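A.B. asks: Need a 3D model of the following:
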Amino acid sequence: MIAALSLPTALTARSGEVTLRRATGDDLAALIRLMSDDPISAARGDRADAADTPAYATALSDVLADPANELLVAEDEHGTVVATVQLTGIPGLARQGATRLLVEAVRVSSAQRSSGIGSAIMRWVTGIAAPTLGAGLVQLTSDEARADAHRFYERLGFVGSHRGFKFLVPSRRSI
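C.D. replies: All right, here's what the predicted structure looks like:
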């Protein structure tokens, strides 16, 4: 289902054009940098520590191999990865069998935040990806501490409609 997306594609942001493409194994270092560049993620344990690289490599391999998932990166005109987003197609029975498009791990490099890259990516997700995939709903969660992100998503038309819960499995360091 996710493979139906036509990528790479050019997106226009206030800072200029970026290219949205499928991530590859070669993007591992850039993805780790984006995760650790975010203070909330870093506080949960996402950090650019060499000791964690094998865990990230395994996770990246698993995501790339899963046909229900699409991990995307946005590159600037120099080929530098400046943003990422993960999309997951979830078929379901609710809403008369609607497919949900789950958006996860939206990260924009701190040097590029407020440049319009995140907005361009999310407009592509809602305007191109969701209809192409037949999704009747685009959903995401955002950490309670991300007040700026909440305003960002609301400006794009997302509605805070549900309250999310997590259960941290004791064998995992953090999620």
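
A.B. asks: CA only for contacts and neighbour counts going forward, please
C.D. replies: Fine.

A.B. asks: how much space is there between Ser114 and Leu60?
C.D. replies: Taking C-alpha to C-alpha, to the nearest Å as the measure, Ser114 falls 27 Å from Leu60.

A.B. asks: okay, those two: which has more neighbours?
C.D. replies: Leu60 (18 against 15; other C-alpha atoms under 10 Å).

A.B. asks: Show me which residues of the host helix or strand of the more buried one are buried.
C.D. replies: Applying DSSP states H and E as the criterion places Leu60 in helix 53-65. Within helix 53-65, the residues that count as buried by 16 or more other C-alpha atoms under 10 Å are Tyr56, Ala57, Leu60, Val63, Leu64.

A.B. asks: likewise stretch 149-157?
C.D. replies: In stretch 149-157, counting by 16+ other C-alpha under 10 Å, buried: His150, Tyr153.

A.B. asks: What mean pLDDT does it get?
C.D. replies: Stretch 149-157 comes out with an average pLDDT of 93.

A.B. asks: Check the offset of that stretch from the chain's centre.
C.D. replies: Centroid separation for stretch 149-157 versus its chain: 15 Å, with C-alpha atoms, centre = their mean, to the nearest Å.
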